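Participant: Turn this into a structure:
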Amino acid sequence: MQIKHNSQITATSVKNFFGLIPNGDEIYSYELSNKNGMTLKVITYGAALTELKVPLKNGGIADVVLGFDTLENYLQSFKQEGAPYMGATVGRYAGRINNSVFELNGQKIHLNKNNNNNSLHGGITGFSEKVWAVEKVIEGDNPAITLSYSSPSNEENYPGTLTVELTYLLTETNELILQYSAKTTEDTVVNLTHHSYFNLDGHLSDVKDQELVVNTNQMLETTAENIPTGRYLEIENTPFDFLTPKKCPSVIDNTFVITQKNEFAASLLSKKNNLKMTVFTDQPGVHIYVGGNCQNVLKGKENADYHSLSGICFETQNFPDAPNHEHFPSAVLKKGEEYVHNTVYKFQLF
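Facilitator: All right, here's what the predicted structure looks like:
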């Protein structure tokens, strides 16, 4: 997967004040657009994608991600049971770590628990609730914004100061490219992902009539608490077989094993808007989750009532609980090495 930078023109994009978090830190919203009229908005709280507008054949525009109009709603969403992680960047470790413990270099690391007895999406206060710094904004043919966060050693009990950079890049062929990199001051584990809920019919709709393809015949077996057992399941001719297009399931929360390297991982198709999104990644898995429910407590953008079928996540990542399974791809990042992760969401009209 080739990813090209265009950094000849550096300028500020549309930047707006988005609000104050309780400690007084200012949060800003940045908007980027390409020559086709595709636009994205990112806020510095959680490096979250709040808006992704795609031009349609009929001259309209669809906002294809769920989100909130106010910072207050983003803050409140993390206080909900089953927080939606709306559009957020997830870390230091995406997914669950069983019993909130793993072994590294012969030492047991005990993490903070926030999901029954387990650690989920980085712990009690993960990267999704941190203030990210804007490193640079690039305008031109491939507009991009790079944000960074430095996670201090022992934050949520993870070893090593982890410095993360994330670039959102819009190409002229209507690709949204996410590029992650991270370095650590001592050996640690890392697994970053993006948690947008996509809806190709627009965020005010539901996904039940959109067609899902997952380009694999394997998924991870999990326990009742959604912890991987370590087994790979063959899913051909089962309800989890999405090699041929199927309507989005009403309930899914599973990690699929990406077996076809250098091919697409998954796709979503809307016949209503004649719009297709294809997901590419260099990660070993894609966790697919249908949801977005805000329990009738919080209103989404444009006063939306988000429910359990409002959107679908394609969380490209390493496997949940990988530090506790030797045969899973390693999640260890050693001092002096670099974590690199690239994911592409490509939008096409048909």
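Participant: tally of neighbours for residue 38?
Facilitator: Counted with other Cβ atoms under 10 Å, the neighbours of residue 38 add up to 23. In this view, the C-beta of every residue, glycine as well, is placed from N, C-alpha and C.
Participant: ok, it to residue 60 distance?
Facilitator: Distance, residue 38 to residue 60, using Cβ to Cβ, to the nearest Å: 13 Å.
Participant: now residue 136
Facilitator: 32 Å.
Participant: out of these two, which sits in the more crowded spot?
Facilitator: Set side by side, residue 136 and residue 60 show more neighbours around residue 136, with 13 against 10, by other Cβ under 10 Å.
Participant: Tell me what that one is bridged to.
Facilitator: Bridge pairing for residue 136 (DSSP bridges) gives the partners residue 146.
Participant: Got the confidence number for it?
Facilitator: With respect to pLDDT, residue 136 has a value of 96.
Participant: go on, the one 10 residues further on?
Facilitator: In the prediction, the pLDDT value recorded for residue 146 is 98.
Participant: what's the nearest residue to residue 287 once chain neighbours are set aside sitting at in phi/psi?
Facilitator: Take residue 287 and drop its neighbours on the chain: the residue closest to it by Cβ to Cβ, 6 or more residues apart in numbering is residue 315, 4.0 Å away. Torsion angles at residue 315 (phi, psi; degrees, to the nearest 10) stand at phi -90, psi 90.
Participant: so how many other residues sit close to residue 315?
Facilitator: Residue 315 has 25 nearby residues by other Cβ under 10 Å.
Participant: Check residue 48 too.
Facilitator: The number of residues packed near residue 48 is 26, by other Cβ under 10 Å.
Participant: what residues are up against it?
Facilitator: Residue 48 makes contact with 42, 67, 74, 86, 87, 88, 89, 128 under the criterion Cβ atoms under 8 Å, 6 or more residues apart in numbering.
Participant: how about a cut-off of 7 Å?
Facilitator: The contact partners of residue 48, by Cβ atoms under 7 Å, 6 or more residues apart in numbering, come to 42, 74, 86, 87, 88, 89.
Participant: Give me the distance between stretch 24-35 and the centre of its chain.
Facilitator: 18 Å (Cα atoms, centre = their mean, to the nearest Å).
Participant: State the mean pLDDT of it.
Facilitator: 96.
Participant: in it, what counts as buried?
Facilitator: Within stretch 24-35, the residues scored as buried using 16 or more other Cβ atoms under 10 Å are 27, 29, 30, 31, 32, 33, 34.
Participant: Surely the fifth one is in contact with residue 146?
Facilitator: So the one you mean is residue 32. No: Residue 32 sits out of contact with residue 146 when judged by Cβ atoms under 7 Å, with a separation of 11.5 Å.
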